[in-house]
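1. Fold the stuff below for me.
(2 chains)
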Amino acid sequence: MELDQALQTFIMESRELLEAMEESLLGLESEPDDRDAIGAIFRAAHTIKGSGGLFGLDGIVAFTHVVENVLDRVRNNEVPINADLIALLLSCRDHIGMLVEQIAADSAAKPDHETETTGIMLLNQLKSYQAGTQEQSPLPAITSSQTKPQSQTAVVAQSGGTVENDNWHISLRFSHDVLRNGMDPLAFIRYLDNMGDIVHIVTLPDAMPFATDMDPESCYLGFEIDFHGENVDKATIEGVFEFVREDCSLRILPPHSRIEEYTQLIDELPEDKIRLGDLLVNCGALTWNELDEALRLQSLNAEFGCDASASRDSGNLGQILVEQNMVQPELVDAALGKQKLAKENKVQESKLIRIQADKLDQLINLVGEMVIAGAATSLLAQRTRDPALHESTSTLSRLVEEIRDSALQLRMVQIGETFSRFNRVVRDVSKEIGKDIGLAISGAETELDKSVVEKIGDPLMHLVRNSMDHGIEKSEIRLQRGKPAKGTLHLNAYHESGSIVVEVGDDGGGLNRARILAKALEKGLVTANQTLSDQEVYGLIFEAGFSTAEAVTNLSGRGVGMDVVRRNIEALRGTVEIDSREGVGTTVKIRLPLTLAIIDGFLLGVGSASYVVPLDMVMECIELSEAERQETRESNYINLRGTVLPFIRLRDQFREQGKAGRRENIVVVQYVGQMAGLVVDELMGEFQTVIKPLGKLFGNLKGISGSTILGSGEVALILDVPALIQRAVNKEAQQLAYSQTK
Amino acid sequence: MTISIESSNGVCHARVTGEMTIYHAAEMKGELLPCLDYGTEVEIDLSEVSEIDTAGFQLLLLTKREAAKVGKSLRLVAHSPATLEVLDLFNMASYFGDPVMMPRAAH
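-> This next block holds a predicted model:
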């Protein structure tokens, strides 16, 4: 077993568990009685502690142990859940996260001073939720903090029949395969030693066969352990061995068990009875007298054939254990619950596999190359005019298309995970700035490319913080304006014509149009005689330099670093727009392409060059008739079924040489509700486009967003439709203004 | 892991270097057991054992047991910290009966 790899798995799992823990904790704030959530939080802490112990991460184990204890008390209704406790537990979660991240950075790292101080502070705070608060043990000391009420562990004593020993007795027999399965019994015993005190341990090599038969990779050892721990219960001990559950037989007798139970233990163990008796006395579990009593009982049982062994055949071991006062009923329930849970987890696991992201990226790259090679093959097939070959290549390209889609699908993730991270942000920030703000999430199941998701987090964070800081008013003002005291922040996502739209909305004061305009005039961003739509005015807040703090406090403050947000989004080939109504609220819409790798494109020819437009943006294609050509020679718009359609001649735009074809076509493209036409020579149809980024040198080119390779090996440029539309619309407006002034 | 074996005057000296772990278990078994044939006394030097796990420990147990069976004496000497820790954790120092440097306080 690769330890490094296992540790990576641990770190990854811990992150997931911590995330689940946070989610459940936040859920508890609104529904403090949610038993499932409490259970989930407890299990998360428990699993992190358990796995941490396996790797000897003592820092994590010690801290999480205390957290787990408090959670256990919450679970048992011994401690009421309230906002303070939730806040404390959230901080604890963060601290565990910090510890895990430090391990991730350097597995041998010790927590730095700051982290350690935080840990001790949190442990001190947790103390008040633990039982036996009067204890003032130096922290962090897990064994001395009495977190369990005695009644939990103490088994009802029966006079005469119980043993004097107040230690737990653990019988362990490992299966032969345990070493081969990558588990080392040593590690578990070390871990047990961490949980309390191993009073005595006897190692049993009895099962080891003759030298010739002995397989050095099998484990033949068994252990009898007397164990003492201040705040352990049966579940804790079982938890230690959870990871070898299937590779060992484990019998646990609580302190002061009845002699009969030892009898039964002796019965069940594979070793010789007398030797076992000696062993139990040796490790201090029984006294000689008790052993005699046990052996006497055993012979009685054998004679009458009654009691445990007989009734065990009936199958319901759990019930018998309870009847015999061996375990408390709730322990059995807990164990059963755990088994069920483990089973469910297994089912889940088999449905999901983990893949390294770079392997996936490589696959996508290969699919991209395949798409290009496939296009070349189809082109060659077309030239041969061999119908059979033609048919087979078309089947092939259909399959390639499907493979492309499924490969891209692999990278699609739901945006919900990104959204739900903001639960915590909204909660913390609203506390910090003293406003009452709730978060509403919709469209969480909307999927988008993983690479996009990773990059959208920061801009979103900025927008959310901005909305909370400056958008939503304080409660008093909200009430004055007749709005509910509690502000709402809305995160929404949906698909729209090949892009995904992410909205950050608030029901705050909205933007003040007049003030933004005044500010923009002052900064020289606009001139006084420009007529601007609302959207254009609001868009000004994304301009660099618009956002000096003192300038914007009065205009509800928006604009702090908004230019950075826009830059980040534009880097993803996306756009951002803002919609606002004064007094009602503001919504920022981020529009992003679904994927950054392969798209369905529409191939156009202008002169000798080819261009690609994303197919999702193409509305229709119309022919530009000779009459219309004459008519539009001067103007840049046509009448499309009664509406004005501005257009751009790509031939002029890209200074294409050569004479125009006899016929010209207009491709009508749409983006964000605006339409424009592109005048081209030739329509060449659908084309699977593998997007290749342009070099740095071409970074500033307007109107081009990337390049792709055609089947013939030629390069085609991908048109940046939003920029072209903007250009067409602006040009038209300018001409209009010009002709008016004339 | 390497085991160097020298035998003189009926005493076999074996010296284990490196990891006594599951990865080398089969190899170790093949080298440790024959030591019993090289002399009436066998001494295994553990000073260079960097790591030992249950599989490695089990082989020491096996060798000890086999030695006892054929009436030869097996001594473990110069325990490295790693081997001491395991002997201590499994509470098996007395089973081997060898003097060790830092015995755990008796229970």
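2. For chain B, which residue gets nearest to chain A?
-> Of all residues in chain B, residue B:25 sits closest to chain A, at 3.7 Å by CB to the nearest CB. In short, each C-beta sits where N, CA and C put it, glycine included.
3. so what's that residue up against?
-> Residue B:25 sits next to A:179, A:216, A:217, B:55, B:56, B:59 when contact means CB atoms under 8 Å, 6 or more residues apart in numbering or on different chains.
4. Around chain A, which positions in chain B sit nearby?
-> Chain B comes close to chain A at residues B:22, B:25-26, B:28-29, B:33, B:53-55, B:57-59, B:61-62, B:65-66, B:86, B:89-92, B:95, B:107, as judged by CB under 8 Å from any CB of the partner chain.
5. Please check those residues and keep the buried ones.
-> Burial by neighbour count, judged by 16 or more other CB atoms under 10 Å in any protein chain shown, picks out B:22, B:25, B:28-29, B:33, B:53-55, B:57-59, B:61-62, B:65-66, B:86, B:89-92, B:95 from these.
6. circling back: which members of the residues of chain B next to chain A are positioned in helices?
-> B:25-26, B:28-29, B:54-55, B:57-59, B:61-62, B:65-66, B:86, B:89, B:95 (DSSP state H).
7. Which of those sits closest to residue A:211?
-> Nearest to residue A:211 among those, counting by CB to CB, is residue B:66 at 5.1 Å.
8. tell me which element the nearest residue to that closest one once chain neighbours are set aside falls in.
-> Closest residue in space to residue B:66, ignoring its immediate chain neighbours: residue A:211 at 5.1 Å, by CB to CB, 6 or more residues apart in numbering or on different chains. Using DSSP states H and E, residue A:211 falls within no helix or strand.
9. cool, and the one 5 residues further on?
-> Element membership of residue A:216 [criterion: DSSP H and E] is none; it lies in no helix or strand.
10. Could you give the number of residues near it?
-> 20 (other CB atoms under 10 Å in any protein chain shown).
11. residue contacts, residue A:192?
-> Neighbour list for residue A:192: A:170, A:198, A:225, A:227, A:237, A:240 [criterion: CB under 8 Å, 6+ apart].
12. ok, the residues you listed vs chain B, which is closest?
-> Proximity of those to chain B (CB to the nearest CB) peaks at residue A:198, which lies at 8.1 Å.
13. Kindly indicate whether that closest one is helix, strand or coil.
-> Recorded secondary structure, residue A:198: strand (DSSP: H, G, I helix; E, B strand; the rest coil).
14. For beta bridges, what are the partners of it?
-> Beta-bridge partners recorded for residue A:198 (DSSP bridges): residue A:227.
15. how about the nearest residue to the residue of chain B closest to chain A, chain neighbours excluded?
-> Distances taken as CB to CB, 6+ apart put residue A:216 closest to residue B:25, at 3.7 Å, once the chain neighbours are dropped.
16. The one you found contacts residue B:55, doesn't it?
-> Yes: between residue A:216 and residue B:55 a contact is recorded at 6.3 Å, counting by CB atoms under 8 Å.
17. Can I get stretch A:426-434 in CSV, CA atoms only?
-> C-alpha atoms of stretch A:426-434 as CSV (Å, rounded to 0.1, in the frame of the first residue of the first chain):
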residue,chain,number,x,y,z
VAL,A,426,-23.3,35.0,3.8
ARG,A,427,-23.7,33.8,7.4
ASP,A,428,-20.3,35.1,8.5
VAL,A,429,-20.4,38.4,6.6
SER,A,430,-23.9,39.2,7.7
LYS,A,431,-22.8,38.7,11.3
GLU,A,432,-19.7,40.8,10.7
ILE,A,433,-21.5,43.8,9.2
GLY,A,434,-24.5,43.4,11.4
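18. ok, which stretches of chain B are strands?
-> Counting by DSSP state E, one finds strands in chain B at the ranges B:2-8, B:11-20, B:41-52, B:73-77.
19. From chain B, how far off is residue A:35?
-> Separation of residue A:35 from chain B (CB to the nearest CB, to the nearest Å) stands at 40 Å.
20. Near chain B, which residues of the stretch 201-350 of chain A are found?
-> With CB under 8 Å from any CB as the criterion, the stretch 201-350 of chain A comes near chain B at residues A:201-203, A:205, A:208, A:211, A:214, A:216-217, A:219-221, A:223, A:284.
21. Going by neighbour count, which of these comes out on top?
-> Going by other CB under 10 Å, residue A:219 tops these with 26 neighbours.
22. State the number of residues packed around residue A:713.
-> Here the number of neighbours of residue A:713 (other CB under 10 Å) works out to 10.
23. Then residue B:48?
-> Count around residue B:48 with other CB under 10 Å applied: 14.
24. before we move on, what about residue A:359?
-> By the criterion of other CB under 10 Å, residue A:359 has 9 neighbours.
25. Indicate the residue of chain A located nearest to chain B.
-> Residue of chain A nearest chain B, by CB to the nearest CB: residue A:216 (3.7 Å).
26. show me the residues around that residue that make contact.
-> B:25, B:26, B:28, B:29, B:55, B:58, B:59.
27. Just want the phi and psi numbers for the closest residue to the second one other than its chain neighbours.
-> Okay, so that is residue B:26. The shortest distance from residue B:26 to any non-neighbouring residue, by CB to CB, 6+ apart, is to residue A:216 (5.2 Å). Main-chain torsions, residue A:216, degrees, to the nearest 10: phi -60, psi -10.
28. Equivalent analysis for residue A:82, please.
-> Per-residue torsions, residue A:82: phi -150, psi 180 (degrees, to the nearest 10).
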